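Undergrad: pasting the sequence and the predicted model now:
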Amino acid sequence: MVVLLKPGDIFFTRGSNLLSRAIRVCTRSFGEKRSRVNHVGVVVEEGGIQAAVVVEALIKVKKHRLWKQYGLSKRQQVAVYRANNLNPEQIEIIIAEANKQVGKRYGFGKIIAHFLDWLLTGAYVFRRLTSDPRYPICSWLVAHSYSEAGKHFGVAPGAADPDDIWDFVVERTDTYESIIDLGSLTRFASS
């Protein structure tokens, strides 16, 4: 099966380690279904599964092939969604904003702020206090890039977490198309 990823596509991951599980627990609102994903990034260069280039916030914001990070991992599940309401100018803005973040150090303090806001039942207090764009986290990178193009995920970019973005795109089938269902990319190893 040949799958072409395009600039502006959003990819989500679901890890199995302790940190991934903790992120899913702390991004779940009270009374909400379990969070399905714990990480998010954006495709910046078109290509098949093994060639597409992404930008994501890891320990530093990196630009690399999606396959390099997730292709042979059986422990990481990946899903990709595409917004079908973006014009070429908006896609260029999203890509430019994501690329501007490359090389920045990860905002570990923002993870603590997300946790503290979670303890306050989701209030946007501590995340607002740690809104320094010099230290991005994965969800801020995607939400900020999209907001610069006039698109939002139902929350302020600084308040967004991977689960917020996931819920937003999954619930809007008229606007977002599932390109790859959540699962291991090893199924595309021969593509």
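TA: Yep, it's here. Numbers count the residues shown, from 1 in each chain.
Undergrad: ok, the most centrally placed residue in the chain - contacts?
TA: Closest residue to the average C-alpha location of the chain: V40 at 1.7 Å, with Cα atoms, centre = their mean. Counting by Cβ atoms under 8 Å, 6 or more residues apart in numbering, V40 makes contact with I10, F11, F12, T13, E56, C138, S139, L141, V142, P162, I165, W166. Where you see a C-beta, it was placed from the backbone N, CA and C, and this is true even at glycine.
Undergrad: so the residue lying closest to Q50 once chain neighbours are set aside, which state does it fall into?
TA: Leaving aside its sequence neighbours, Q50 sits nearest to W67 (Cβ to Cβ, 6 or more residues apart in numbering; 4.3 Å). Classification of W67 using DSSP: H, G, I helix; E, B strand; the rest coil returns helix.
Undergrad: relative to R105, how far out is W67?
TA: Between W67 and R105 the computed distance is 25 Å (Cβ to Cβ, to the nearest Å).
Undergrad: who has more neighbours, the two?
TA: Set W67 next to R105 and count neighbours by other Cβ atoms under 10 Å: W67 wins out with 21 against 12.
Undergrad: and the pLDDT for the more buried one?
TA: For W67, the model assigns a pLDDT of 95.
Undergrad: what are the ranges of the helices in the protein?
TA: With helices called from DSSP state H, the chain shows them at 18-26, 66-70, 88-100, 108-119, 126-129, 138-148, 162-171.
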